[in-house]
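[1] This is a predicted model, with the sequence first.
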Amino acid sequence: HCSRDMDEITKLQEEFMRLQKQEATCKISERVCMEILLKLIQREKIKVFYTSDRKEYITPKQLSREIYDEILANGGRLEIPELYPLLNIDESVIDHTARELVQQERSLTMIGQTILGDYYLDKIAEEINESLLERGQLQLSELVQRFNLPLESISNLIRVRLVSAPASRYHRFIDGYLEPPLLYTKAFIARHTAKLRGTLSAITIPTPLQKIVQHFTFDESLFYTVFNELTQSGRIPGSLQGRGETTEFVPNIYTEHRSGAIEQFFAQNGYIEYATLQNQYQIAQPTKYLKANFPDGISLPSCFLSANEISLLEASIDETIERSEWINAQPLLPSPLTEADVNAVLRECKIFKECKKPQASIMCEIYVVSNDFITKLLSEYEKEFKRWAEEDENSRKELLSSADDLRSSTGSNISTDDNDDDGEDDLRRSKGKKNKRRAKNKKKKNTSVQANVQNLADSFIEQNKQFLRENQNEMPECLLCAIVTQLNSRLVELREVAARAIFMDSSEKKRFDGNDWQVEVQQLYANVLQFHHAAMDFPGDSVPLDKHLLRTLCTDIAHLLVEAVATQNFVKLDQTPIANVKQRNLALKKLAKCSPIHGYLVTMCGTLSKSCSEFIESLDVVFDTLCVRMKPLDKKSEKKLVATHREALEAQFAAEINPANAFHLGVMLLYVGKMGQMLHVPGKMIVDVLQELNSKVTDAQQFIDMIRFGDNVKEYLTAKIKKQENHEVLYSSLCETLPKFKEVINMQIAKSAIC
């Protein structure tokens, strides 16, 4: 069969050579060929690419073949821009055709503008493998520079050709391990592991990993991989501590030694300082470490304390409470403990931690003071204040006069900021130089008062401290000051009580001793009732009479009651007797704590600007609170009271030589005789009262004489007020007619008595 096939092939070759030598019998011109080609191109029967000079053209298949041939000619690596001058075709066509070629040919790879063949990459891989076997490790960055390829391409090239890589179309012959940015052999890893294992085994103290890498020139990326394998397998007993660049390798032998040393120190001393763990044992979180190893211990600000150390302290505190004394807790605890530590330990004691109302208190962070000791101190202070109140009269009076301000300043220095602001507000609200001057004076006065009160408070505090120094000579100054400060408000109250126990001035005390003041109030109250009834029956306008009664007798009753309440409650008033509204308001302010009488007094004083009826109603609750019984004014009592007033008026009228006063007394006496009631009349209204008596006077001429005398009195008073020259003449004329006026009044009264 083989010889037969060879004969057939020989015959075909001879026939082919004969046909080639035979001349063509029919030829087509070049122009016709061009037209045929153009028609085929137009009808899209064929596809061609023209050269840049449009003189030649080439088919896509031929273009791909020529590109492939160029790749082979360049050893399997070709830059696409190198094809542009060689093929003389449009660049975009070459780029497109090259990419299609790479997609069709599995053996080709494109990286950027570079086409690489598998045989070229295999050649690179062989070179890499040879270098790896020689050196044991290679840097990928070095290979990038050497072969002028991207790092990712180099990594992929190596990864698929490793002996340990999965089966693929690539030849696997690189015997090594890829750990970017390193490529190394098994032998290199073994040497590196052995070196690292020996280094770590020799370390006995915490050492930073970065220091190990730099000192022993380990490869950093391979170091951490091998280190993790050694520690996880247990070959190198130890652990990592910290993060980032501060990460340290802590060998187990060091950890065991450190734990033993800490446990021994803690067991022997009952405490351990955080600074010791941080500086000596390099423990970054000492509190967390100690809580984990000693769960029963107590965490303090600067150290960690054994629970056993508290038992002795608690026993001493119990003994202190039983003996009603104070104790310094610091000597009962380890010496390195700071005051903040001692305070934290005290708060962990059962007496303070578990009891809602402990029998002792913590002062100055390290001292424990029993409540009974404080009670005993207050008792001693009370005795001292009684002695002080008896001996120092000036200080006692000064205390009582500033008691309210002193109580408000207890426990802190008096600040003048608020009062300064008030003064500034007064200045802003004031209009005119006069008001501004008053506001400034008020501000200066307030500042001066506050300074005096502050000086008094400071002197009392210093006296309290000195008394405690003398009675507790072993007490440290800080505790002494703390006790006085804490008890200051209570001490001020005790001192005030002692001062009030001595009572106030002897004159004021005598004034309100017994029932004399109640008799005075009873007389005023009866007069107010009688004058109020007369004002209500007055035929003319009674409003001025009501207002005049409020401004005079009602105000006197109110002031007398305020003074009586102050005396009964041992409140020292700035001025007595009370003379005006300002003094009354200050007195009410000092009585603010006297409940409920203070509220009743405020209500009573408020009715002084309303009506007499409301004032009388407000007196009932005040009298009830003071346990004062007021007799009601019946007709018999009122008639007797009017008769008493009439007798007094008759005596005054008969003895009066001043025409103005005589006119006022005469009209009042006439009103009593004609109406049977006694009025409390202001001077400016006396003529109006006389006019209301017109119908009661039977003799018209006598009424005219009284009216004329009243007009002359008015004229005289006007001239005197205006300082006119004729006022003395008018006065002389009034004195001459005064006897006749008295005679007329007496005649009218006599007629009223006969009727």
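    It's in. The structure displayed is predicted, hence computed values, not measured ones.
[2] rest of the way, CA atoms for contacts and neighbours
    OK.
[3] number of nearby residues for residue 135?
    Number of residues near residue 135 (other C-alpha atoms under 10 Å) recorded here: 12.
[4] how far away is it from residue 141?
    Separation of residue 135 from residue 141 (C-alpha to C-alpha, to the nearest Å): 15 Å.
[5] Equivalent analysis for residue 325, please.
    Taking C-alpha to C-alpha, one finds residue 325 at 81 Å from residue 141.
[6] what about the helices in the stretch 401-550 of the chain?
    For the stretch 401-550 of the chain, the helices defined by DSSP state H, counting those that start in this stretch occupy 403-408, 417-429, 433-471, 477-486, 488-501, 506-511, 516-537, 543-549.
[7] doesn't residue 358 fall inside a helix?
    No: according to DSSP: H, G, I helix; E, B strand; the rest coil, residue 358 belongs to no helix; its state is coil.
[8] Might you report the residue contacts of it?
    351, 352 (C-alpha atoms under 8 Å, 6 or more residues apart in numbering).
[9] pLDDT weak spots in the stretch 601-750 of the chain?
    For the stretch 601-750 of the chain, applying pLDDT under 70 flags no range at all.
[10] show me where it has helices.
    612-625, 635-655, 659-675, 686-692, 700-721, 727-754.
[11] quick one: residue 298 from residue 308, how far?
    10 Å.
[12] Over to residue 670?
    Residue 670 is 102 Å from residue 308, by C-alpha to C-alpha.
[13] Of the two, which one has the most company?
    More neighbours surround residue 670 than the other of residue 670 and residue 308, with 25 against 13 (other C-alpha under 10 Å).
[14] Isn't the more buried one up against residue 747?
    No: Residue 670 is not in contact with residue 747 according to C-alpha atoms under 8 Å; the separation is 10.0 Å.
[15] which one of the helices of the stretch 601-750 of the chain has the most crowded surroundings?
    With neighbours taken as mean count of other C-alpha atoms under 10 Å, the helices of the stretch 601-750 of the chain reach their highest mean count in helix 659-675, at a mean of 21.
[16] residues making contact with that helix?
    With C-alpha under 8 Å, 6+ apart, helix 659-675 has contacts from 642, 646, 649-650, 652-653, 656, 677-679, 683, 686, 689-690, 693, 696, 709-710, 713, 731, 734-735, 738, 742, 745, 748-749, 752-753.
[17] how deep is residue 202 tucked in, by neighbour count?
    10.
[18] just to revisit the earlier point, tabulate the helices of the stretch 601-750 of the chain in TSV, adding columns for distance to residue 13.
    As requested, these are exported to TSV (distance: least, C-alpha to C-alpha, whole Å):
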stretch	distance to residue 13
helix 612-625	153
helix 635-655	174
helix 659-675	175
helix 686-692	170
helix 700-721	168
helix 727-754	177
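[19] Look up how far residue 326 lies from the closest residue in space to residue 313 that isn't next to it in sequence.
    Once flanking residues are discounted, residue 313 sits nearest to residue 332: 6.2 Å by C-alpha to C-alpha, 6 or more residues apart in numbering. Remark: distance between residue 332 and residue 326 (C-alpha to C-alpha) = 14 Å.
[20] the more surrounded of those two?
    For residue 332 versus residue 326, neighbours defined as other C-alpha under 10 Å are more numerous around residue 326 (24 against 14).
[21] Ignoring the adjacent residues along the chain, who's closest to that one?
    Per C-alpha to C-alpha, 6+ apart, closest to residue 326 is residue 369, 4.3 Å.
[22] And the one you found, its phi and psi?
    phi -120, psi 120 (degrees, to the nearest 10).
[23] My read is that it contacts residue 363, right?
    Yes: with contact defined as C-alpha under 8 Å, residue 369 counts as touching residue 363 (7.2 Å).
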